[in-house]
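Visitor: got a structure for you, letters missing:
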């Protein structure tokens, strides 16, 4: 049976964030991911626009994983009238719940602070969505297992396949009217500290491929050596090592690495403070879903006991006032919000402070500004001089690099009719396009935001 399917590129087209791909068919309308835009202001402003599609006609949302740029728009979708199932693996839905509640709380707090201190041009400043709206979204959640074909209609089935990256993450295979359509989601890396290697698709008539690091190879760094050297420098200078961290996976990896460094006598017993309510909740997800990661129960408990997990904002201030040399791991990874802002507000202007960036820093974020060597940073409406030393580790990224992405694609036995490159910045997208065309001789398209492409099935 032949059929025309339309793909609406509602996010992560020409940019990294805001993943949303609407698959419009004669039998079902399926939204793959439902993320928020992050980074530059023009992108963030897109979040406030309603989707250019009648939300009530979307039948189901399938989630690749629980990161904010893949799930953060869900409460707005529900607010606009969506009433179908939101389906992901059980760990993905657990992570999504944590992220949505935390995001809503931060937005409410920032709106309240902006209104009190009058540093927003909006009067009043409003949260993008509230905790109540986030909680309402959860009633549409439905968990499904990986590696199993699940029927949506007579001619449409889907399957989740393990993809590394973060706990619960998958790529999605859609069988549409006899053709295989694959959405890569975010592809993880081989030899991860905590997760097994990603599985790989074996057939794809149409492939929607992430390109975050489509133009780069991750450096081969001695991560443990870099951490040990920075920690010794921090102790010697009686300073502070602040690590802005993504709460999902990166924070747990850092706790694991620091525990292993201490266990092998590579670093002394310096106080380590983990100040991320969301990160703490994600640690619990690791405990709840042991089959989704490599850690033994003993290793999990020992690494958690090695750090001080902060619960309250009062403990944040007590940690700042603690003059001992210390390590602080706090959200968020791109320095866009969360408790790390308070630490930086108080300590970024001290030469004895070290800030370690441990992941991708999107254009327009404070993390990118720090990475690019800015002399000052805006926090809570005021500018603070950057006198701290800014370091970065690239190889802890949870995203596959160019070679790893190509390797992920090599198992595909057929020649795809079309490869669509998404989830990348323009230079990465173009470089990866050329690389795929040269390597595989496949036809590659780089769609723009709001494009609609027809697939003949």
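Guide: Arrived safely, thanks for sending. Keep in mind the model is a prediction, meaning the values are calculated, not measured.
Visitor: mind giving me the packing neighbours of whichever strand or helix holds residue 437?
Guide: Remark: residue 437 resides in helix 426-440, with elements defined by DSSP states H and E. Where contact means 3 or more C-beta pairs under 8 Å, 6 or more residues apart in numbering; DSSP states H and E, helix 426-440 is packed against helix 402-409, strand 418-422, strand 444-445. Using the backbone N, CA and C atoms, a C-beta is placed for each residue, glycine as well.
Visitor: how near is the residue nearest the centre of the chain to residue 247?
Guide: Closest to where the C-alpha atoms of the chain average out (C-alpha atoms, centre = their mean) is residue 67, at 3.9 Å. Distance, residue 67 to residue 247, using C-beta to C-beta, to the nearest Å: 10 Å.
Visitor: where do the contact lists of these two overlap?
Guide: residue 99 (C-beta atoms under 8 Å, 6 or more residues apart in numbering).
Visitor: I'd guessed residue 271 sits against residue 327; true?
Guide: Yes. Judged on C-beta atoms under 8 Å, residue 271 makes contact with residue 327 at a distance of 7.2 Å.
Visitor: in TSV: the helices and strands packed on helix 426-440, plus mean pLDDT.
Guide: TSV is the format used below for these (pLDDT from 0 to 100):
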stretch	mean pLDDT
helix 402-409	98
strand 418-422	98
strand 444-445	98
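Visitor: quick one: low-confidence parts of the stretch 101-250 of the chain?
Guide: Low-confidence segments of the stretch 101-250 of the chain, defined by pLDDT under 70: 120-121.
Visitor: show me where it has its helices.
Guide: Applying DSSP state H, counting those that start in this stretch to the stretch 101-250 of the chain gives helices spanning 131-137, 223-236, 250-263.
Visitor: can you pull the contacts of residue 339?
Guide: Taking C-beta under 8 Å, 6+ apart, one finds 275, 276, 313, 316, 330, 331 in contact with residue 339.
Visitor: please name the bridge partners of the first one.
Guide: Partner residues in beta bridges with residue 275: residue 330, with DSSP bridges as the criterion.
Visitor: how far away is it from residue 251?
Guide: When residue 275 is compared with residue 251 (using C-beta to C-beta), they lie 10 Å apart.
Visitor: what's the overlap in contacts for these two?
Guide: In contact with both residue 275 and residue 251: 329, 331, using C-beta under 8 Å, 6+ apart.
Visitor: what about the two, which has more around it?
Guide: residue 275 (27 against 24; other C-beta atoms under 10 Å).
Visitor: where does residue 448 sit: helix, strand or coil?
Guide: For residue 448, the assignment made with DSSP: H, G, I helix; E, B strand; the rest coil gives coil.
Visitor: which ones are touching it?
Guide: 9, 13, 14.
Visitor: which residue ranges make up the domains of the chain?
Guide: 4-213+400-456, 223-392 (automatic domain parsing).
Visitor: what's the span of the last one from first residue to last?
Guide: In terms of C-alpha to C-alpha, to the nearest Å, the two terminal residues of domain 223-392 are separated by 10 Å.
Visitor: what distance separates stretch 308-319 from the centre of its chain?
Guide: How far stretch 308-319 lies from its chain's middle: 25 Å, per C-alpha atoms, centre = their mean, to the nearest Å.
Visitor: oh, I was asking about stretch 231-246
Guide: 25 Å.
Visitor: contacts for stretch 310-327?
Guide: Taking C-beta under 8 Å, 6+ apart as the rule, stretch 310-327 contacts 231, 234-235, 237-241, 243, 258, 270-275, 277, 280, 328, 339, 342-343, 346-347.
Visitor: taking the residues you listed, please make a ChimeraX selection of just the buried ones.
Guide: Filtering the contacts of stretch 310-327 down to the buried ones (16 or more other C-beta atoms under 10 Å) takes a single ChimeraX command:
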select :231,234,235,237,239,240,241,243,258,270,272,273,274,275,277,280,328,339,342,343,346,347
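Visitor: about what we covered before: most neighbours per residue, which of the helices of the stretch 101-250 of the chain?
Guide: helix 250-263 (a mean of 21; mean count of other C-beta atoms under 10 Å).
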